[in-house]
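would you be able to build a 3D model of this:
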Amino acid sequence: KLGEFLNFKQLKTSLKEAVLLDYYTAGFWWAKEMNFSLIQLSGFMNLLNFMLENLSDKHMTLGDNLKELGRAMAGIGETYSERSGDLNFFSIEQAKAVIDYLNISLFKHYKLYEYLFHSPREELVISNK
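A predicted model of the protein is given here:
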């Protein structure tokens, strides 16, 4: 269902689509296991998408993407702050867990995702089975 929602048409032959579907699915289930509310789950999935778009579309370096994450998380836990970002529906503990998840799922494998998005490669399909 998530593949349909993401409008992936070539899941059986596209490495990129398969990797992205795996990434979003793993993130979704992690957030469900964290018992995030619907708004938190939506915000988390938007954050995953934002981080990947920074990498794929904006060609951001790891350092720049980490800075963007810092901006997005700014102000969490403060009652009122001009620094408060769009993710203020997370508690401090949840925000730390989100950062830990992004670290192990995206940032530690950043070079692989850069290769996936930016390295040209031939996709040879031997058969449709």
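
torsion angles phi and psi at the spatially most central residue of the chain?
The centroid of the chain falls nearest to residue 48 when counting by CA atoms, centre = their mean (2.1 Å). Per-residue torsions, residue 48: phi -60, psi -50 (degrees, to the nearest 10).

now the phi/psi pair for the spatially closest residue to it that is not a sequence neighbour, please.
Spatial nearest neighbour of residue 48, chain neighbours left out: residue 27 (4.8 Å); criterion: CB to CB, 6 or more residues apart in numbering. To be clear about C-beta, it is placed using only N, CA and C from the backbone, and glycine gets the same treatment. With angles defined as degrees, to the nearest 10, residue 27 sits at phi -60, psi -40.

re earlier: per-residue pLDDT, the residue nearest to the centre of the chain?
pLDDT recorded at residue 48 is 94.

sorry, back to before: got the contact list for the residue nearest to residue 48?
By CB atoms under 8 Å, 6 or more residues apart in numbering, the residues touching residue 27 are 44, 45, 48, 101, 105.

next step: the residues you listed restricted to helices.
Counting by DSSP state H, the contacts of residue 27 place 44, 45, 48, 101, 105 in helices.

ok, the fourth one touching residue 28?
Spelled out, that is residue 101. No. Checked against CB atoms under 8 Å, the pair residue 101 and residue 28 is beyond contact range at 11.6 Å.

ok, the two, which is more surrounded?
Between residue 101 and residue 28, counted using other CB atoms under 10 Å, the more crowded position is residue 101 (19 against 16).

the residue found closest to the more buried one once you drop the neighbours it is linked to in the chain is in what secondary structure piece?
Spatial nearest neighbour of residue 101, chain neighbours left out: residue 30 (5.9 Å); criterion: CB to CB, 6+ apart. Assigning secondary structure by DSSP states H and E places residue 30 in helix 15-33.
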